[in-house]
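Chemist: Pasting the sequence and the predicted coordinates here, then a few questions.
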Amino acid sequence: MREPSAADDGRRSNLPLIFESGSPGRSGFFWPEEKGPSGLPAELLRDEIAGFPEMGELEVLRHFTRLSHLNFSIETEFYPLGSCTMKYNPKVNEVVARLPGFSLLHPLAPPELIPGALELLFQLEGILAEISGMDYVTLQPAAGAQGELTGLMLIRACLAERGNPRRKVIVPDTAHGTNPASSTLCGYEVIQVSSNKQGIIEPQTVEQVMDESVAALMITNPNTLGVFEKNIQAIADVVHKRGGLVYLDGANLNALMGIAKPGDMGVDVLHINLHKTFSTPHGGGGPGAGPVGVKAFLRDYLPVPRIHKNDGSYELRTNFSKTVGRVRSFFGNFGILVRAYTYIISLGSDGLEEASRMALLNANYVRKRLENTYSLASTEPSMHECVFTDRQQQKQGVSTLDIAKRLLDYGFHPPTIYFPLVVSGALMIEPTETETRETLDAFADAMLAIAREAREDSALVKTSPHTTPVGRLDEARAARKPVLRWEAKKD
Amino acid sequence: MREPSAADDGRRSNLPLIFESGSPGRSGFFWPEEKGPSGLPAELLRDEIAGFPEMGELEVLRHFTRLSHLNFSIETEFYPLGSCTMKYNPKVNEVVARLPGFSLLHPLAPPELIPGALELLFQLEGILAEISGMDYVTLQPAAGAQGELTGLMLIRACLAERGNPRRKVIVPDTAHGTNPASSTLCGYEVIQVSSNKQGIIEPQTVEQVMDESVAALMITNPNTLGVFEKNIQAIADVVHKRGGLVYLDGANLNALMGIAKPGDMGVDVLHINLHKTFSTPHGGGGPGAGPVGVKAFLRDYLPVPRIHKNDGSYELRTNFSKTVGRVRSFFGNFGILVRAYTYIISLGSDGLEEASRMALLNANYVRKRLENTYSLASTEPSMHECVFTDRQQQKQGVSTLDIAKRLLDYGFHPPTIYFPLVVSGALMIEPTETETRETLDAFADAMLAIAREAREDSALVKTSPHTTPVGRLDEARAARKPVLRWEAKKD
Amino acid sequence: MRYTPHTPSDKEQMLGTIGLNKIEDLVEHIPSSLREKARISLPEGLTEVAVKRRMASLAAKNASAQDWRFFLGGGIYHHAIPSAVDAIISRAEFATSYTPYQPEVSQGTLTAMYEFQTLICQLTGMEVANSGVYDGASAAAEAVLMARRLQDGRRRVLVSRALHPQYRSVIATYLRNLEDVELTEVPFAPSGATDAAALAKALDDQAMCVVVGYPNFFGVVEDLVPLRQACDRTGALLITVTTEPLSLALLKPPGAWGVDIAVGEGQSLGVPMTLGGPGYGFFAAQKKFVRSMPGRLVGETVDAEGRRGFVLTLSTREQHIRREKATSNICTSQSLCVLASTVFMSTLGKTGMRRLAEVNAARAHRARERLIKEAGLAPVFSGPFFNEFVLKVSGWAERRGRFISNKIVPGIALSEWYPELQDSLLICVTEMNEEEEIEQLARTFSGR
Amino acid sequence: MRYTPHTPSDKEQMLGTIGLNKIEDLVEHIPSSLREKARISLPEGLTEVAVKRRMASLAAKNASAQDWRFFLGGGIYHHAIPSAVDAIISRAEFATSYTPYQPEVSQGTLTAMYEFQTLICQLTGMEVANSGVYDGASAAAEAVLMARRLQDGRRRVLVSRALHPQYRSVIATYLRNLEDVELTEVPFAPSGATDAAALAKALDDQAMCVVVGYPNFFGVVEDLVPLRQACDRTGALLITVTTEPLSLALLKPPGAWGVDIAVGEGQSLGVPMTLGGPGYGFFAAQKKFVRSMPGRLVGETVDAEGRRGFVLTLSTREQHIRREKATSNICTSQSLCVLASTVFMSTLGKTGMRRLAEVNAARAHRARERLIKEAGLAPVFSGPFFNEFVLKVSGWAERRGRFISNKIVPGIALSEWYPELQDSLLICVTEMNEEEEIEQLARTFSGR
Ligand SMILES: Cc1ncc(COP(=O)(O)O)c(C=O)c1O
Ligand SMILES: Cc1ncc(COP(=O)(O)O)c(C=O)c1O
């Protein structure tokens, strides 16, 4: 029981775990015993699952409902997490995805029994191709990183067929960590190239490292500083000229809809994060979906199965000899694809284009409101996000981490911090288009207030947060002596 | 914006109202304009709805989600509110009630199009009759109080037909406020009778006031002290002998399932609160449902329409000349009836009987744990709830209200307070059967801790709560100069 | 047994603490004659899977607006409800809390109720509104009872025959045992509106109030000017009852016509039809009458540190304080539906409500014209209407089957309540009836 | 346009602050050659009503387990999911939060993940578990990659042919570009289990790991004792892949057999089938391997005042810190499905999981017997099984239509992946298949 006392600050922390609650023999599940033996030989049978929870239905609900109150989320707080596109996740998507005609489908039922699902998948492929300016799309990858791996595999398969898979992938220093990690996983060595002072890649930089050993360049556009890589076409030319291919990390597609199509920039392959641009909920870390789009010459390498339309009916085909194979079981994260499709038909082309425009407007508005108080990481125009540093606040000994934690007291989720790595003490702010001017103002006011506090009372900021369920947690201790699971106390 | 400062305690109070948010012209609703005139003459048309909210969908969701965090509820806190039966409201009921075959029915569609709904209603009538021991049931009343009114009307119609509707209704001093209020609404004068020291009604007491002018006695059993009216049969005899009828307030039916049927106690009419005994959610004050059960001789007075079963099909009949008429539009709170029916078929007879037994066990357990520290209002055996007074705590100047508020700091919803009126400083605790022993212990520990605090640091208790979104609110001010709606600030 | 968490050892331990041996000991004091007969004879409990299957099969037997085309109004309306509404009312913090008697831990519910009261005031143009009652019908009955409190000594209640027939029944039921009250019905005119001349004649100094629909049961928008004038002449209160409050986003609201008490059914604003319940009754009035109002009222106040907060107030009107002298017996009301409406109105907002109302009116007017022109149906009333209208369908009884087999319910036959309106259908058209449905309706009427 | 809250005046004011005249100015720096071609050609946006109708009509075209009788497993299972599960994962606080990088305001998600890790350890009998990966197939692939990190210098990966064919495909895809790895398939024996003798022969000191299903794709419960022994002889790691983790509530878990890495698909524990995704992959291992594991790990720690709290930990394994040297490229995972499973396992608990597993096994065994005895189907494998088994249906291609017209899908035809298993169906029976369905299945097979 929570003992109120001097220590009782109403924070409601220290809830017992499911293993610390309940009573032996209790269960929230009711199913009468079934006559007849299990049929399995006794030596294969286990003992009871030691330590497993024993709670009633209300107990379980109360536990998780209370836990939910310890989270920040889009629907409770502004959540301007850069690179994550924390836009509103429409409720109607959730309703639609729960229709039994979607949620109760079995992936190994005969394809002729799921024409509605195949139609949706086929159409979604076409829609994403149209939005991104690519020719074909696969919906199989479960998230952006799996999309990257898939895309690189397509590149590798193509180059291998051309005679040499090559050995390296060029990745800018501003890239997301998944880019180099995916490259390694695809058997490539990573060549990191530096962005210029404004955070963008110059064609010469690429030219210097681009040779016959390089399979591809991975580029993010707008990049992780929220800046449009204005030389992307010239860079693509450099890569193409030496026989390489261009991969676009499409995590920031939310900046581009109706403004510029990656397919027109010389991009050969890209992935799209449906959980960013297309509004599917982040769920505390997934599920998402990372479809991959390609130019026509890469079609034959795409994962199988692929959907074909035949006189208005749909079928699955697997007989593509050049395919890289399967990257995900079944049809990928179908439930997420349903949500993204719902979002797209809700908005239509006008709505999608307006979404990108308003994403830009919001980011630039926040940038303007903060740029005299926080130092910009780049003076290039911002697209859908803007990145600041803690340079000015460091003078008072206040770091990006402190600013982030203090924002929690103001009721705002912090921006992405310390990324991109090239910016020291980065504060990466992506408001998204679904936020109101008033919210942006309140957030900007809080940022300005914190800058003031940093000058006037830096301890207040450095010891923050003060109002969250727990204070700053000792991450070093967690890593030093990892306790990764609950265990029964021995006594 | 919430300004964190010395005053900032993380309580998240003072959220702006919907009228204080938004921006002119904004809406969370999208519907393209429709060509063609509205067809209505201009002089009938209003101007825009001044002051109406102008918010986006996310803004609205965030507002109400934040508001939700300011509530205590069954699924977040133990809620032992006496007389209210705050038991677990099963999630499956909610799922079922949202099936389009229930939620999208129109009440004026031809009855032959809703056989499933009529079957459910017919069966539920029978089930409630079986549980309560009555012969016929009407599901029309929207809540307990409307059930009371309906039941009294049946009594009056019956007596009127017997020659004299009579003038008075006897109501014990322990009765819920709706009993006398309903009596008045039915054109009766209220005779209040006193319970004895143990809070129960004695036959002599009734005998003294029972004469030919009295139409009925309203009695609650178990009564509002959680005590079984052990003389109920003798009392019913007294009433019946002088030509009156007996009305049972069935709000406490949760104590009786499988233990004693009101129909066997001499009761002629009763109401049942489905939002108490039958697990439908209280919703912050409804909707509920208050079906009325009667003995066979009252059948012809029941509200219309009534459902008849004919060779396995169901029809609605209205041609009952003696009916009191209609008390509610359409079929009553059908969605609530669906939930209650779901609950009943989930539990079955065994489950319902176990529910009552465990309700008694829980109440008696709490009683035992507290009875040495708080004074019991009655030493009679407790059924599903137990009532204490603040007599001992008053010695330290700590009242029931203070104890209730202090419980909030401990994370518990308080019991019902200051009811029944006959108990000075009543604390009426109804744990319900869906709570665990551990929760009851934690609650009892908190009650004991508060009693200790009352002795050792009464100011702490008297100034509580300390951890809620707002502190004790000035109710006198609210009533003195009522501000019942938001209005635009004039400036 | 599913929802009781007691294990055998829990029971044993608890009984031990209490000092008993077995569960049965808890009820030993109940007369055994009662206990012996108390066993409940019902089937055994079911698994959740079985429950869902059973309920799904019951539901599947009914004709729902998901699979059928309904042109049904008459007090319950099929409207678009944004998914946001259900998302909010499904939240346990709202759904599983009680009436907010402990304001410190009920600010969620209380704030929303205060917002609701304000929204109803804005929509109806009235000065005060309560936080809801059971339904439109009981709201109408409570309004009459309130008029009775305000008009001491007067005995006559005049109700328009063009008011919803079920509402008239409920008013009659509520009044049947009050010996000082007499109910009179006022006829309607060929326009479908209340017959103003007949009303003027019926009014006398014994008339406490006049009750009319706005729009009325025939969908007709009453002209409140002559009614208000007639009431003023004899001092009767004017009560309007609105079953389709969406109309008030387009029509001049009751408050603008000087109505004294404006009530109605709120279902149309964000609550699914659900066979007619639960919805809620809204209840608004002029400020001077506030202390006579029934139902819960939420008011603004502050805590000791000056934080704004909301509380239930003016409770001395209510049964739990005033008992037999209360303004109403209502206790549990329809809060969660009220919350649904609050979210609905907030989401649509000023422009969305207006747009939706316009779409309803435009479609209904187009549909009526088509049915008259293309399908040859005859108009019955001439008064202005919002989204419902009455047309005459000759030989309706014979033509009915054709609609049912096409899964269309084209309207509500009025002859049950109005013998003089044989073969007359009350037809409702909302934004849920697409152009193509109206087309199909016209075709089916034409016999094509 | 529905979800952007900007009014014309908002835009104007914001542009003013920024110092621009029109929205287009924001993108003026983008090459106009790109901008000119950027317009998106798709239909206009729809109202929410139209969206719901469109999606409902797509959904209605599919054969779902609501209307059909499925005897389908093969990696995705139709199980009872308590309504409590969806109630929790629908809560916005869980559904609309990001990966918990800010632990102070993510204790809800972090605590649940920590509980999940513990549940998986308990269920699999392993020492550590991560908080999930994409699916069972990628979990299997990641397990092989982890073995590769641990078994430096070894190059051979031995995969049982009785492992799920799609999982084998995904492993092959993941390994295709790693030049130091070679994949070998191990045949299965007549029991349906991996051929232990063949495995022993294939194992050498170049073998880094052996991957088998537990139960395997044929539903057969592998005998892990000889496999473990064979691995031990050459120092290969033993990896099990479980597509039906409910079985682990009944079967001796991988940890009890000394398995090194135990992975699988978690869908069966509380996630709807949804055409096979989203579910999640679970990933457990012996503790000594923890620093080589892929995916997110949550650990316990404290704040300055000693309050217990949870954080993402050992992140130096991960891509956002270690980049090209990370143990995996995974970033966004499947958290909400992991939460669903956590709620599912908590609700069923120790006794409920066991009961459910027993019911599955009992029904599947009864069904198999009936199909053999009453419908004359022939057993294909002899090994022990949990809730799936393979039977031979002569002339399956011709008999198939009869099932479809009865809305039954009786199993998965194996010939697509195993040419030698013509006319063989993998049949799955769970608690969702009522006795009467099994009856109908047997009848349809009998041709009655
Ligand atoms: C720029 C960028 N690239 C790639 C990714 C990886 O995508 P996912 O998390 O969907 O795997 C992210 C995600 O945060 C990202 O921001
Ligand atoms: C004893 C008793 N009687 C009657 C009622 C009134 O029932 P309802 O609130 O459903 O109108 C209540 C409700 O609190 C009650 O506790």
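Modeler: Arrived safely, thanks for sending. Ligands and ions are numbered 1, 2, ... in the order given.

Chemist: And for residue 133, the neighbour number?
Modeler: Reading this off chain A. Residues lying near A:G133 (other Cβ atoms under 10 Å in any protein chain shown) number 21. Where C-beta positions appear, they are placed from N, C-alpha and C, glycine not excepted.

Chemist: Not quite, go with chain C.
Modeler: 31.

Chemist: ok, now which ones touch it?
Modeler: C:139, C:142, C:280-283, C:294-295, C:328, C:330, C:333-334 (Cβ atoms under 8 Å, 6 or more residues apart in numbering or on different chains).

Chemist: Out of those residues, the closest to B:I307 would be?
Modeler: Taking Cβ to Cβ as the measure, B:I307 lies nearest C:Q334 of the contacts of C:V133, at 23.4 Å.

Chemist: Can you get me a residue count around the residue in the stretch 151-300 of chain C positioned nearest to chain A?
Modeler: Going by Cβ to the nearest Cβ, chain A is nearest to C:P272 of the stretch 151-300 of chain C, at 12.9 Å. C:P272: 25 surrounding residues under other Cβ under 10 Å.

Chemist: quick one: contacts for it?
Modeler: B:103-104, B:335, C:81.

Chemist: any chance of those residues in TSV, plus distance to A:P287, secondary structure and neighbour count?
Modeler: TSV is the format used below for the contacts of C:P272 (distance: Cβ to Cβ, whole Å; DSSP: H, G, I helix; E, B strand; the rest coil; neighbours: other Cβ atoms under 10 Å in any protein chain shown):
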residue	distance to A:P287	secondary structure	neighbour count
B:S103	29	helix	23
B:L104	31	coil	22
B:G335	33	helix	27
C:I81	28	coil	19
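
Chemist: The residue nearest the centre of chain A sits in which helix or strand?
Modeler: Central residue of chain A (Cα atoms, centre = their mean): A:C84, 5.4 Å from the mean position. Under the criterion DSSP states H and E, no helix or strand holds A:C84.

Chemist: follow-up on the earlier one: restricted to strands, list the contacts of C:V133.
Modeler: Judged by DSSP state E, strands contain the following of the contacts of C:V133: C:281-283.

Chemist: can I get these in JSON lines with neighbour count and distance to chain A?
Modeler: As requested, these are exported to JSON lines (neighbours: other Cβ atoms under 10 Å in any protein chain shown; distance: Cβ to the nearest Cβ, whole Å):
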{"residue": "C:G281", "neighbour count": "32", "distance to chain A": "28"}
{"residue": "C:F282", "neighbour count": "31", "distance to chain A": "25"}
{"residue": "C:F283", "neighbour count": "32", "distance to chain A": "30"}
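
Chemist: nearest to chain B, of those residues?
Modeler: For the ones in strands among the contacts of C:V133, the nearest to chain B is C:G281 (9.4 Å; Cβ to the nearest Cβ).

Chemist: Go ahead and confirm that closest one touches C:S131.
Modeler: No - in this structure C:G281 lies outside contact range of C:S131 using Cβ atoms under 8 Å: 10.8 Å.

Chemist: In the stretch 101-250 of chain C, mark out all the strands, start to finish.
Modeler: For the stretch 101-250 of chain C, the strands defined by DSSP state E, counting those that start in this stretch occupy C:128-129, C:156-160, C:182-186, C:207-213, C:237-242.

Chemist: Neighbouring strands of the third one in the sheet, and parallel or not?
Modeler: Strands that pair with strand C:182-186, judged by DSSP bridges, come out as strand C:156-160 (parallel).

Chemist: Low-confidence regions, the chain specifically.
Modeler: Since you didn't name a chain, this refers to chain A. A:1-13, A:491 (pLDDT under 70).

Chemist: my bad, chain C
Modeler: Those would be C:1, C:448, if you go by pLDDT under 70 across chain C.

Chemist: Up against chain D, what does chain C have?
Modeler: C:47-49, C:56, C:66, C:80, C:82-83, C:87, C:90-92, C:431-432 (Cβ under 8 Å from any Cβ of the partner chain).

Chemist: Next, find the distance separating the nearest residue to A:E148 once chain neighbours are set aside from ligand 2.
Modeler: Once flanking residues are discounted, A:E148 sits nearest to A:S182: 3.7 Å by Cβ to Cβ, 6 or more residues apart in numbering or on different chains. A:S182 sits 61 Å away from ligand 2, taking Cβ to the nearest ligand atom, to the nearest Å as the criterion.

Chemist: Could you confirm whether any residue of the host helix or strand of C:L348 contacts chain A?
Modeler: Using DSSP H and E, C:L348 maps to helix C:335-373. No - Helix C:335-373 is not in contact with chain A by Cβ under 8 Å from any Cβ; minimum separation 10.2 Å.

Chemist: Please pull up the helix or strand immediately following that helix.
Modeler: By DSSP H and E, the next helix or strand past helix C:335-373 is strand C:378-379.

Chemist: which residues touch the spatially closest residue to A:F29 that is not a sequence neighbour?
Modeler: Excluding the flanking residues, the one nearest A:F29 by Cβ to Cβ, 6+ apart is D:G352, at 3.3 Å. Counting by Cβ under 8 Å, 6+ apart, D:G352 touches A:27-29, A:31.
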